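S.K.: For reference, the sequence and a predicted model appear below.
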Amino acid sequence: MLKMNNISRIFRSETIQTHALRNFDLNVSAGEFVAVTGPSGSGKSTFLNVAGLLDGFDEGDYSLDGVSVKGLSDDELSRLRNEKIGFIFQNYNLIPDFSIFDNVDMPLRYRGFNSKERKRRIEHALEQVGLASRHNYLPSQLSGGQQQRVAIARALAGEPKILLADEPTGNLDSLMARQVMELLFSLNQQGSTIIMVTHDSDQARAVNRNVQIIDGQITDHSIYAPMSIPIQQPA
Amino acid sequence: MEMLIYYIKLSCRNFARNSLFFTLMITTLAVGVGVLLANLSILKSMASDPIPEKSDRVFNVSLNTWPNKNTLHEQPLPILRYQDAMHLLKSDIPTHSLVHYASSVYARDSESNSLSRFSASVRATTQGFFPLTDAPFAYGTAWQQPNALELVIGDILNQKLFGGGNSVGKNVEIDGKLFLVVGVLKPWKLKPKFYHASNGRAFNLTDDIFAPLEVALDSEWGIGAQQSSTVRISSSSDTRNKNSYYLQAFVQLDNAQQKASFQNYLDSYSQSLKDAGQHPLDINNKLYDVNAWLKKNNVVDDRMLAFGLATVLFLAVCIFNASSLLIARYHGAKFETGLRRAVGASRKDLFYQGVVESLLIGISCALLASVLSWIFLQLSISFFPHLEDIAEIDNELLLLGVVISVSTVFFSALYPLIRSCTTSLSAEIK
Amino acid sequence: MMNLKALLKSMLLRKFATALLLVQLVLTLGLVVNTVLLTLDAREKLNNPLGFDIDNLIVAELLPTSGAYHDTSYYMSITHQDIRKLTALDGVISAAYYNQLPIQRGGSNGNFQDINSPEDKIIERDLGMVPFFYSSELGLSNLGVELIAGRQLTVDDDVSELVHKGQTEGLEQNIIITESLAKAVYPDKSALGQLTNNGRIVGIAKDFAVSPSFTGRHRYFGVFGHFMFARASFTQSYVIQVEPGQMENVRKQISATILSVQPERDVLDVYSMRERLQQFYSEETGLASLFAMLCLLMILVTVVSSFAHAHFYVSQQRKLIGIRRALGATKKDIMLYVFSENWLMSLFASLLGVAAVVGINMALSQVIAIDKPDSLLYLLAVATIFITGTLATWLPAYKTTKIAPVTATHTV
């Protein structure tokens, strides 16, 4: 599903070169739930940006769902992001004056679906996260946990191959965090591939695979026992 | 299509969200465009060709026949003596020719019960005036006899005296004398009024009364424009055989050969006068075509040109202003731009959205600018009352306004938009 | 003092936005200075001494509407009645008819030279176009123009009857000319008593601005004769000199007074001589007003830009400002920081502005007459830019004081 081979990402300033990722290898199969941990500044965010096609890389190969992303144009990258990736952010990143419906609608617009198809998908996605009845609410009318669920619905609506979550529970209290995690687990059970950056070691332990990044390199591939049902291939 | 509607929806939402910001931007741009449009409307009228279908075939005749060396005028003179004018008219070389002088009278409908009279501007001229200037007849024709007590009247006077309609056959009373109306013109705009572009009259309205030259002189209708004489003139009719220069002449010469032979005709006339000792100056006669004639008379007001220069600068400042506002706007929208990029919008998508937004701003700006340009035009007229009859905002200008508005908005948006679309993504969202 | 280097650096970072504002400020400076030049010029023209008292003069212009006025003696008798009735009005000192009025650009004029000038002598240009005023014996005194030599014209000098009867053969009319004209024609001797091609000089009047738009001696050229033009198709002008403070009162009655003598006239206009002067320069003042309007708009737009710029700057630097606050900068320090950016910008603009002022001035001087800019004016314009810029920056600068030090710890 996601295959990174010897990836390097170097940030250059006038005086200094920083290897945010160096000789980075990672292979994620379909249906996996991968937790990425690491101290701050380790390259987690860079990894997620590269994985999410938000940022390029300097060396190595990266293929997503069988497509090598190297040398793709902005249009092609955008298309890949839109079709194959769903983002979940720490800050939810909902547009405050868009209704829930319009927020979830956003990625679908760039896919070029007609309005009927968009409506179907939005309703389905909101149903999946348990917010089917709140189409016309504004984000500010929802709790933090609900907002994050809207953001997850937005990520799901495009029926992506892979969900990338960046500290999805970082801004939530523990109860809401648990609800969001449960949602992610159940999505994973239904077949979604998920990569989640977190620094919550409990969360990390709970998933079926744990990757640690230190100084831009993968240092640990320890695999914990999966908490949930074994992997199923998505239909 | 669906995407377009989506973009329009997004733009409207942006307008609502940043209403102060967009109001400022649209207003400043509209003010810039409005001022420019108002100025252009004035310059356009001033610089336009009043008779485009034959402006290169109609010529002002300037002669050099001043009888002594004490000529204080620039030679050749655009005003002619009666005897010179008659000599021009005698020639059958031109397709049409006319001579005229400006006057004014007080006129009334002879049948009217009211004794009140209307001030009327007069063009004392010859029959050739009408075919040469393509004066549009609504009713009737020109007079047929040079001494007939007959008039052609303009639309405005026809409205005033007779309430409009076909007034051919009615009588106008001037100074107690009756004149038969033989022709009525349609509303006739001639900007600039090339047949009398001198003395700052290029933008006066076309005349109320067109009368046979001989009749005007016999009726002692005063000479109401530049007149230069070497002797004392006691009345209008007294000018016929004296050195009094006041008649303007125009001829239509349809080809180069015609022009050459008419030039020759003029030169041999001057020469014959010189040989007879009637004037001491060099032979120097000129034929100016309409546009050259307008240029020579400085029909385009330098002041308006100067102001035009300033308005262009002003528009530039408005564009810069809009541009810096837009930079702030896109900076403020960084988060949303990043988010859209993350969910799969390409640079192109965002660029198109920006273009749609610019178009919408441009159109609102154009609407506001049209209103403002009208206001600025009225303001300009209040500062320069003589512009009153010059400027009007026509469809062509309005279209130009839309084009200018949309393109200025587009140009102001271009750099900020490109910058916003191309900034790297990863830093924007967390 | 602010850390200038840091400021410059941060401006460089936003070079596009900074350059835009700079260009705006520079152009605004250029336009403001040139506008003020035009305005000052128009004012100066209006306030230039004319050499006669225009504040108590009323002008009426009229045209006969009936053919009866083609009879010169009828025309003359009505005119005399008009003048008598106007003079009799309360508050009127005197009244007279004129073929044309001072404060003019070209009117009725002709060449003027000594009678004995050789036939083929080329006349100087300004002596070829000397304005001829035909009026009554009151013509000059009615305008408030003093005589400096010789005598006033009297009723006996009136040549109207003779001229209108065509008896001009050998006619020698008495005239009064202005001082400048006298000096121009008779530079070496007294003009008094000399015979010219237009009559014998019996008096010399103090110079007054007959043609104010001229700058040479011919600004003051004028010849006065005792004659009534009396031509029905030419505008007749009456000038009425009133007692101080009587202007409005008399002005109201003029039209009715004239028409009460004989109604078949069109009183085209009644106005004061000061209005005539304003009208005379209306194009100059009109242009100045137009430019002033544009100038005002330009300053407004620049204020908007300065505001937006500072606003943008502040919102972009929220975190930095927060850090400064966290490190102990007072609100005042921060405000000063925002202001100093604006001031630095104005300073640059005022340096570059010199080029804009000169450039625009040169461009304008291609099409219209405009004075050269001077440094005092420039300083004034710079001050305007500084003040408006500071005012525009006030709100965004004030807003910075609301940025809490804790902002420093937030993620952006």
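M.R.: Structure's in. What do you need?
S.K.: Give me the distance between the nearest residue to residue B:359 once chain neighbours are set aside and residue B:367.
M.R.: Computed as CB to CB, 6 or more residues apart in numbering or on different chains, the closest residue to residue B:359 that is not its neighbour in sequence is residue B:406, at 6.4 Å. C-beta here means a position set from N, CA and C on the backbone, and glycine is covered the same way. Separation of residue B:406 from residue B:367 (CB to CB, to the nearest Å): 11 Å.
S.K.: returning to what we had before: can you count the residues close to the residue nearest to residue B:359?
M.R.: By other CB atoms under 10 Å in any protein chain shown, the residues close to residue B:406 number 19.
S.K.: Identify the residues contacting it.
M.R.: B:358-359, B:362-363, B:365-366 (CB atoms under 8 Å, 6 or more residues apart in numbering or on different chains).
S.K.: by contact count, what packs against the lengthiest strand in chain B?
M.R.: Assignment by DSSP state E gives strand B:96-109 as the longest strand of chain B. Counting contacts by 3 or more CB pairs under 8 Å, 6 or more residues apart in numbering or on different chains; DSSP states H and E, strand B:96-109 packs against helix B:82-90, strand B:118-125, helix B:129-133, helix B:155-162, strand B:171-174, helix B:213-218, strand B:248-252, strand C:57-64.
S.K.: a markdown table please, covering those and showing mean neighbour count.
M.R.: As requested, these are arranged in a markdown table below (neighbours: other CB atoms under 10 Å in any protein chain shown):
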| stretch | mean neighbour count |
| --- | --- |
| helix B:82-90 | 19 |
| strand B:118-125 | 22 |
| helix B:129-133 | 21 |
| helix B:155-162 | 20 |
| strand B:171-174 | 21 |
| helix B:213-218 | 20 |
| strand B:248-252 | 24 |
| strand C:57-64 | 21 |
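S.K.: Among these, which comes closest to chain A?
M.R.: Closest to chain A of these, according to CB to the nearest CB: helix B:155-162, at 58.3 Å.
S.K.: Give me the contact list for the closest one.
M.R.: B:107-109, B:112, B:118, B:120, B:138, B:153, B:164-165, B:167, B:170, B:172, B:184-188, B:205, B:208-209.
S.K.: Strand B:96-109 and that one, what's the angle between them?
M.R.: 30 degrees (axes from the mean of the first three to the mean of the last three CA atoms, to 10 degrees).
S.K.: still on that earlier bit, which stretch of helix or strand covers the residue nearest to residue B:359?
M.R.: helix B:395-422 (DSSP states H and E).
S.K.: mind listing the helices for the stretch 51-200 of chain C?
M.R.: For the stretch 51-200 of chain C, the helices defined by DSSP state H, counting those that start in this stretch occupy C:72-88, C:139-143, C:160-164, C:179-185.
S.K.: who touches the longest one?
M.R.: Think helix C:72-88. C:64, C:68-69, C:92, C:94-97, C:136, C:160, C:164, C:228, C:230-232, C:236, C:238, C:240, C:254, C:257-258, C:260-262.
S.K.: Show me where the stretch 51-200 of chain B dips below the pLDDT cut-off.
M.R.: B:71-72 (pLDDT under 70).
S.K.: interface residues of it facing chain C?
M.R.: Along the stretch 51-200 of chain B, the residues adjacent to chain C under the rule CB under 8 Å from any CB of the partner chain are B:68-70, B:72, B:103-106, B:117, B:119, B:174-177.
S.K.: Which members of the contacts of residue B:406 are the farthest-apart pair?
M.R.: Pairwise distances across those (CB to CB) peak at 12.1 Å, for the pair B:358 and B:366.
S.K.: Residue B:141 reaches residue B:183, doesn't it?
M.R.: Yes - Residue B:141 is within contact range of residue B:183, at 5.4 Å (criterion: CB atoms under 8 Å).
S.K.: between the two, which one's more packed in?
M.R.: Per other CB under 10 Å, whichever of residue B:141 and residue B:183 has more neighbours is residue B:183, with 20 against 13.
S.K.: Buried by neighbour count: which residues of stretch A:90-103 qualify?
M.R.: Going by neighbour count (16 or more other CB atoms under 10 Å in any protein chain shown), the buried part of stretch A:90-103 is A:90-95, A:98-103.
S.K.: An error on my part: the question was meant for stretch C:246-256.
M.R.: By 16+ other CB under 10 Å, the buried positions in stretch C:246-256 come out as C:246-247, C:250-251, C:253-254.
S.K.: So which of the residues you listed are in helices?
M.R.: Counting by DSSP state H, the buried residues of stretch C:246-256 place C:247, C:250-251, C:253-254 in helices.
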